[in-house]
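Student: Just need the structure, nothing else, for what follows:
(chains A and B)
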Number of protein chains: 2
Amino acid sequence: MATIAKTSLEPLAIGIDIGGTGTKFGIVDRVGNVLFSGEISTKKHKEVESFITELYNAIAPLIENAGGVGRIKAIGMGAPNGNYYTGTIEYAPNLPWKGIIPLAKLVQDKFQLPVVLTNDANAAAIGEMMYGAAQGMKDFIMITLGTGVGSGIVANGQLIYGHDGFAGELGHTIIIPDGRYHEGTGKYGSLESYASATGVRLTTLELLRKSNHPSVLRDIPEDEIDSKKVYEAAIGGDELAKDIYEYTGKVLGMALANFVMFSSPEAVILFGGLTKAGDLILKPTREHMEANVIQIFQNKVKILVSHLKESDAAILGASALAWELK
Amino acid sequence: MATIAKTSLEPLAIGIDIGGTGTKFGIVDRVGNVLFSGEISTKKHKEVESFITELYNAIAPLIENAGGVGRIKAIGMGAPNGNYYTGTIEYAPNLPWKGIIPLAKLVQDKFQLPVVLTNDANAAAIGEMMYGAAQGMKDFIMITLGTGVGSGIVANGQLIYGHDGFAGELGHTIIIPDGRYHEGTGKYGSLESYASATGVRLTTLELLRKSNHPSVLRDIPEDEIDSKKVYEAAIGGDELAKDIYEYTGKVLGMALANFVMFSSPEAVILFGGLTKAGDLILKPTREHMEANVIQIFQNKVKILVSHLKESDAAILGASALAWELK
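Tutor: The predicted structure is shown next:
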């Protein structure tokens, strides 16, 4: 965290990234420095009102440190199922608040600042375009591999919002018909059921039950198995753990092939926890993407891992929305 | 075919639509009247040079009838795997010419007119936007269900070309992993293997072999079975024939669900031979699209059938490209 130069009178933006577990926020300058930042729990707030109160109480002192509310141009927010056009969150399976939540209005009323909201992965895509791996690209797809799978699609240099602001829900596309059940959506075989931290955990439980292969993962109680433990087992040489990443990469690669044949991006940019597994997941992902695209797309599309600092990227992306506000 | 008013000096455009079997062409005015039109075989030309010679010999008299080459602004062409940026056709599985064909340049040299080329389904999408079911829409997906499956995607009011001009190959997206083999691409389980005239034929052969259900289709020699005969059987009440369309609609509906979650279009516009089956295919398509999209997309996206006259639509779409030329 930097100290702000007292002589600078440049405007600042607030970026807020709402995730299923936690909400990160920061005050950001025009060139992408995160000057002040913090985090609160999303999950513990059953009501959106108490969430916004805690958010305000956490951010207000940062605004004071940054020189007061007069220096803040606007608030940019990213959230699952966040809608750019309506400023609402609608039926977000991974958030505690159900139905349609007028989030932008609630935050605007509390902070008395202009608010712009979008899908969290759209925000990340804008962040990559302004400060990250997608600088200079006009056609790319951002995929966030966290607890769930999010996505933001840029074509012709513009974020694709669709007719209603909900474009880019690639985590919910069906990759394996009649495949694994997704509790949040009630659908079967979606990308998110496989290529997320949750998906890796489920694949692990399935493989442990189905096979007799020895594995260090058998020594871990089932409810403690998570993608981090699988990663540790895999880099320790555990074959079953490697198979789990191989399979996850296979499903992700098949999905990416379909996305490539949709918008023919220059690159797919991956972001989030699963990418820490590096080539364990990237190698099968690349292989199966290439194996499933038709010839005109082969060996053309880069798979890149975001190099933005994870703690900053979501905030930067959300804040970038504020700069776009007229 | 209309006669041209001698007093009119408005410029005209030539639209050429190259399909795997035949190539249609016409001379079109600005408001979408096809003044002169014709068709030649694509399939019989093993070499692209002889194809272009026959095309020129067929179109040259129409140009004379329309008032001479001076009245023609440009030629717009749609072709499978046609590339807007490079003017080439690359590795088109359904065309007789292999590899990379510099089609726009060859036609330009022969006709001495500016030529703009794109994917045939992109051309159809532009046609729908200018003259058809997509007038006034900024976000829609055009799907052509013919011998193969083509697509054109419009988002933010613009055709999505992708970084290399090849976006919108939705017919080749994998809907059923490890599913039916596609001879043209060597891939398994693509939409085109199921939801095309070819796919309906293959589904029919599979169902006839797998089941013992009585069907009038059993009286037809296998090599004469095509989607038209299946349609006739289905409207005659044949249960097996109805199952074939039900299954085709199921696969198409699953695919459309994925496309909707990508770009959130206002409508999906279907065009081509299979749409003649009407509700036999549209009803299961709608059902399975709705069943596979997450809640935020449900009951929002229209499935429309193009109302452009089939013989004109492709020509209109291709000619529309010519008007866009600066």
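
Student: Please make it C-alpha for all contacts and neighbour counts, starting now.
Tutor: Will do.

Student: residues touching residue A:110, list them.
Tutor: By C-alpha atoms under 8 Å, 6 or more residues apart in numbering or on different chains, residue A:110 lies in contact with A:52-53, A:56.

Student: actually residue A:54, not the one I wrote
Tutor: Here residue A:54 is in contact with residue A:40 (criterion: C-alpha under 8 Å, 6+ apart).

Student: Could you look up the SS state of it?
Tutor: Residue A:54 falls in the helix class when you classify it by DSSP: H, G, I helix; E, B strand; the rest coil.

Student: now the contacts of residue A:110 as a markdown table including distance to residue A:275 and neighbour count?
Tutor: Compiled in a markdown table, these are given as follows (distance: C-alpha to C-alpha, whole Å; neighbours: other C-alpha atoms under 10 Å in any protein chain shown):
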| residue | distance to residue A:275 | neighbour count |
| --- | --- | --- |
| A:52 | 31 | 18 |
| A:53 | 34 | 13 |
| A:56 | 32 | 14 |
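
Student: for these, which one is nearest residue A:213?
Tutor: Nearest to residue A:213 among those is residue A:52, at 48.6 Å by C-alpha to C-alpha.

Student: Any figure for the gap between the closest one and residue A:217?
Tutor: In this structure, residue A:52 and residue A:217 are 40 Å apart, going by C-alpha to C-alpha, to the nearest Å.

Student: quick check, residue A:150 in a helix?
Tutor: No. The assignment for residue A:150, made by three-state DSSP, is strand rather than a helix.

Student: Which residues of the stretch 1-150 of chain A lie near chain B?
Tutor: Taking C-alpha under 8 Å from any C-alpha of the partner chain as the measure of proximity, the stretch 1-150 of chain A contacts chain B at A:90-91, A:138-139.

Student: Swap in 7 Å and give it another go.
Tutor: Contact residues, the stretch 1-150 of chain A versus chain B (C-alpha under 7 Å from any C-alpha of the partner chain): A:90-91, A:139.

Student: Which one (most neighbours) among the residues you listed?
Tutor: Neighbour counts for these (other C-alpha atoms under 10 Å in any protein chain shown) peak at residue A:139, which has 24 neighbours.

Student: need the contact list for it.
Tutor: By C-alpha atoms under 7 Å, 6 or more residues apart in numbering or on different chains, the contact list for residue A:139 reads A:154-157, A:265-266, B:162-163.

Student: mind running it again at 8 Å?
Tutor: Applying C-alpha under 8 Å, 6+ apart, we find residue A:139 in contact with A:153-157, A:263-267, B:162-163.

Student: quick one: what helix or strand has residue A:75 in it?
Tutor: Using DSSP states H and E, residue A:75 maps to strand A:72-79.

Student: Can you tell me what sits against the helix or strand following that strand?
Tutor: Using DSSP H and E, the helix or strand that follows strand A:72-79 in sequence is strand A:89-90. Strand A:89-90 is contacted from outside by A:79-83, A:98-103, B:296, using C-alpha under 8 Å, 6+ apart.

Student: Looking at the residues of the stretch 1-150 of chain A next to chain B, which has the smallest pLDDT value?
Tutor: Confidence by pLDDT is poorest for residue A:91 among the residues of the stretch 1-150 of chain A next to chain B, given 87.

Student: so that one makes contact with residue B:296?
Tutor: Yes. In this structure, residue A:91 is within contact of residue B:296 by C-alpha atoms under 8 Å, at 6.9 Å.

Student: could you redo the residues of the stretch 1-150 of chain A next to chain B as JSON lines and give each row distance to residue A:310?
Tutor: Compiled in JSON lines, the residues of the stretch 1-150 of chain A next to chain B are given as follows (distance: C-alpha to C-alpha, whole Å):
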{"residue": "A:90", "distance to residue A:310": "26"}
{"residue": "A:91", "distance to residue A:310": "26"}
{"residue": "A:139", "distance to residue A:310": "22"}
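
Student: Out of these, which is nearest to residue A:208?
Tutor: Ranked by distance to residue A:208 (C-alpha to C-alpha), the residues of the stretch 1-150 of chain A next to chain B are led by residue A:91 at 33.5 Å.
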